[in-house]
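Visitor: pasting the sequence and the predicted coordinates here, then a few questions.
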Amino acid sequence: MKEIVVNMIDKIESLLKEASEFSAKNTGEIEEFRIRMLGKKGSVTLLFDEFKTIPAEQKKELGQKINALKNAVQQKIGELRNSALSDGDIEKIEDPTRPGTNDPIGSRHPISLVRNEIIDIFTRLGYTVADGPEIEDDWHVFSALNFPPEHPARDMQDTFFIEKNPDILLRTHTSSIQVRVMENQQPPIRVICPGRVFRNEAISARAHCIFHQVEGLYIDENVTFADLKQSILYFAKELFGEDAAIRLRPSYFPFTEPSAEVDISCNLCSGKGCAVCKGSGWLEIMGCGMVDTNVLESCGIDSNKYSGFAFGMGIERISMLKFGVKDLRLYFENDLRFLRQFESVI
Ligand code: PHE
């Protein structure tokens, strides 16, 4: 009997050595090792079978040794599997009891949500989306749009210049995309131009040097101011609800004549007057107007035959009004506590 016990101790030691020296090239080899040690006919399992035949007085010491061996083998398998996992060998481990990986799902940024919604609305009216470069030349941002040479927007204080003479700059509005569309396409034209724009402004709760716009352009024969007004009313109702009302105030832009500023009835107080609309019941949401004939001609479109309207809005502003966000800077900080609030918004 003594001999059996001595043999078993030898076996335990050699298996311990084998386990500590074992290494695997892939998960298949780990599984082979597991079966060889812990399977039904595995070395460790057979030792346990043999253990049952040992007299009770010798069981204590031997039992501890066998258990230590089993633990060492299991620990080895665990370590090998973990390193296989971090090597990206996950799918090869066929262990149905392993917990699934929990990949967190992100959510859309509120600027993207509102941009997509604006695009959806105008797409339903037959508009297509046009894109253009953020780094532009003077022609597409200013000259083709009828900006007089001394216009303040051309000043260093408003525009980020990359080079001077000839001027290369960061676009201050996405009207530059509309110029590119008109240069390349004859009417009918119906495009919206979403994009990032840049202005040299101090960052505050209400202004940022980078923000997002959607501008639109509609050119065809016999397009009138009434078409403009109706399109914008439709847009306002789609975005803010059936009760939304608009009003137009005369304004000035170099590229439109006549020009107007569009106000929407305050969605927070239903027009009664509150802190957000400063008691007026109205909120300014965009600029618009009939495309100036000089602009049409600069872009190669016959202004005797065609007329059109244009409009432009800041996405941050619309998003602030829609979601009740009070500080523009929140959109740029990527604070998850802010972004997570938009998870449920489609
Ligand atoms: N381009 C103008 C801006 O950036 C917006 C605008 C577009 C106004 C079209 C009128 C017509 O402020």
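Guide: Structure's in. What do you need? Numbers count the residues shown, from 1 in each chain.
Visitor: pLDDT below threshold where in the stretch 201-346 of the chain?
Guide: For the stretch 201-346 of the chain, applying pLDDT under 70 flags the ranges 345-346.
Visitor: so which bits of it are right by the ligand?
Guide: Glu215, Phe253, Thr256, Gly287, Cys288, Gly289, Ala310, Phe311, Gly312 (Cβ under 6 Å from any ligand atom). Using the backbone N, CA and C atoms, a C-beta is placed for each residue, glycine as well.
Visitor: let me know the closest of these to Asn67.
Guide: Glu215 (74.9 Å; Cβ to Cβ).
Visitor: how about Val291, nearest residue that isn't a chain neighbour?
Guide: In space, and not counting its chain neighbours, Val291 is closest to Gly308: 4.5 Å by Cβ to Cβ, 6 or more residues apart in numbering.
Visitor: now do the strands in this protein.
Guide: With strands called from DSSP state E, the chain shows them at 128-129, 135-137, 161-163, 168-170, 189-198, 210-220, 246-253, 256-265, 282-291, 307-314.
Visitor: residue of the stretch 1-150 of the chain nearest the ligand, please.
Guide: Leu145 (7.9 Å; Cβ to the nearest ligand atom).
Visitor: which ones are touching that residue?
Guide: Shown in contact with Leu145 (Cβ atoms under 8 Å, 6 or more residues apart in numbering): Ser175, Ser176, Val179, Pro254, Phe255, Val295, Ser298.
Visitor: so what's it closest to, chain neighbours aside?
Guide: The nearest residue in space to Leu145 (Cβ to Cβ, 6+ apart) is Phe255, at 4.1 Å.
Visitor: thinking the one you found is in contact with Asp292, fair?
Guide: Yes - contact criterion Cβ atoms under 8 Å: Phe255 and Asp292 qualify, at 5.4 Å.
Visitor: which one of those two has more residues nearby?
Guide: A count of neighbours by other Cβ atoms under 10 Å puts Phe255 above the other of Phe255 and Asp292, at 24 against 20.
Visitor: dihedrals phi and psi, the more buried one?
Guide: When quoted as degrees, to the nearest 10, the phi and psi of Phe255 stand at phi -100, psi 0.
Visitor: now the strands of the chain as a markdown table including mean neighbour count?
Guide: A markdown table is the format used below for these (neighbours: other Cβ atoms under 10 Å):
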| stretch | mean neighbour count |
| --- | --- |
| strand 128-129 | 13 |
| strand 135-137 | 17 |
| strand 161-163 | 11 |
| strand 168-170 | 19 |
| strand 189-198 | 21 |
| strand 210-220 | 22 |
| strand 246-253 | 15 |
| strand 256-265 | 20 |
| strand 282-291 | 22 |
| strand 307-314 | 23 |
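Visitor: of all these, which lies closest to His151?
Guide: Of those, nearest to His151 by Cβ to Cβ is strand 246-253, at 10.6 Å.
Visitor: from the chain's centroid, how far away is the closest one?
Guide: On the basis of Cα atoms, centre = their mean, to the nearest Å, the separation between the geometric centre of strand 246-253 and that of its chain is 33 Å.
Visitor: got a list of what the closest residue in space to Arg180 that isn't next to it in sequence touches?
Guide: Excluding the flanking residues, the one nearest Arg180 by Cβ to Cβ, 6+ apart is Gly132, at 5.1 Å. Each residue near Gly132 by Cβ under 8 Å, 6+ apart is listed here: His140, Arg171, Thr174, Ser176, Ile177, Arg180, Cys193, Gly195.
Visitor: point out where the stretch 1-150 of the chain drops to low pLDDT.
Guide: Confidence mapping of the stretch 1-150 of the chain against pLDDT under 70 gives the ranges 1, 87-94.
Visitor: how about a cut-off of 90?
Guide: The stretch 1-150 of the chain contains residues with pLDDT under 90 at 1-8, 23-29, 31, 40, 48-64, 78-107, 148-150.
Visitor: what parts of the stretch 51-200 of the chain come near the ligand?
Guide: His173, Ser175.
Visitor: find the closest residue to the ligand in the stretch 51-200 of the chain.
Guide: Closest point on the stretch 51-200 of the chain to the ligand, by Cβ to the nearest ligand atom, is His173, at 3.2 Å.
Visitor: so how far is Met313 from the nearest residue to Glu238 once chain neighbours are set aside?
Guide: Nearest non-adjacent residue to Glu238, counting by Cβ to Cβ, 6+ apart: Ile121, 4.5 Å away. Going from Ile121 to Met313 by Cβ to Cβ, to the nearest Å gives 12 Å.
Visitor: ok, which stretches of the stretch 51-200 of the chain are helices?
Guide: 56-86, 110-124, 138-141, 175-184 (DSSP state H, counting those that start in this stretch).
Visitor: tell me which of these is the most buried.
Guide: Highest mean neighbour count of the helices of the stretch 51-200 of the chain: helix 175-184, a mean of 22 (counted as mean count of other Cβ atoms under 10 Å).
Visitor: got the angle for that helix vs strand 307-314?
Guide: For helix 175-184 against strand 307-314, the angle by axes from the mean of the first three to the mean of the last three Cα atoms, to 10 degrees is 150 degrees.
Visitor: tell me how confident the model is about helix 175-184, as a mean pLDDT.
Guide: The average pLDDT within helix 175-184 is 97.
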